[in-house]
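Asks: have a look at this prediction, sequence included:
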Amino acid sequence: MKSCLIVDDSKVIRMVAKKILHELSFKTEEAEDGSAALEACKRSMPDAVLLDWNMPVMNGIDFLRALRQLPGGDHPIVVFCTTENDIEHIQEAITAGANEYIMKPFDSEILQAKFSQVGLL
């Protein structure tokens, strides 16, 4: 069973993503900000990270840059899931090491399609 770390400061988004990912047979863990996500990755590196951009304490892009510097931090497939939809943000995310980018709001079909595109399904 593959694992996915859901990183979002919205409990509702984490709950919706968790439900969808469980239906796709993923084991999930949750973090409410980038700092908590980084600690979770140090304990156990997930196969995938579903990552919000705007969060308190440590935002998604700072988390991603720190993740990629960790031993094994190049392993997780990172899918940004955010309302930031301009080309500058998308380019910044890809440059920092994101594998895919989806816009909020998302549904099961969108998440499944993106996870298939990056080889997680």
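Replies: Thanks, I have it.
Asks: nearest residue to the middle of this protein?
Replies: residue 50 (1.9 Å; Cα atoms, centre = their mean).
Asks: wait, isn't that one in contact with residue 7?
Replies: Yes. Using Cβ atoms under 8 Å, residue 50 is in contact with residue 7, at 6.8 Å. (C-beta placed from N, C-alpha, C; glycine too.)
Asks: quick one on the thing from earlier: surely the residue nearest to the centre of the chain is in a strand?
Replies: Yes. Residue 50 sits within a strand when classified using DSSP: H, G, I helix; E, B strand; the rest coil.
Asks: what's opposite it in the beta bridge?
Replies: As for beta bridges, residue 50 partners with residue 6, residue 79 under DSSP bridges.
Asks: show the pLDDT at it.
Replies: Looking at residue 50, its pLDDT stands at 97.
Asks: so how far is residue 102 from it?
Replies: According to Cβ to Cβ, to the nearest Å, residue 50 stands 9 Å off from residue 102.
Asks: repeat that for residue 66.
Replies: Residue 66 is 22 Å from residue 102, by Cβ to Cβ.
Asks: low-confidence regions, this structure specifically.
Replies: The chain contains no residues with pLDDT under 70.
Asks: just the strands in it please.
Replies: Assigned by DSSP state E, the strands in the chain fall at 3-7, 27-31, 48-51, 77-82, 100-103.
Asks: would CSV of the ones you listed with distance to residue 15 be doable?
Replies: Formatted as CSV, the strands of the chain follow (distance: least, Cβ to Cβ, whole Å):
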stretch, distance to residue 15
strand 3-7, 9
strand 27-31, 9
strand 48-51, 13
strand 77-82, 14
strand 100-103, 17
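Asks: so which of the ones you listed is the most packed in?
Replies: strand 48-51 (a mean of 28; mean count of other Cβ atoms under 10 Å).
Asks: what packs against that one?
Replies: The contact analysis (3 or more Cβ pairs under 8 Å, 6 or more residues apart in numbering; DSSP states H and E) places strand 48-51 against strand 3-7, helix 34-43, helix 60-69, strand 77-82.
Asks: brilliant, that's me finished.
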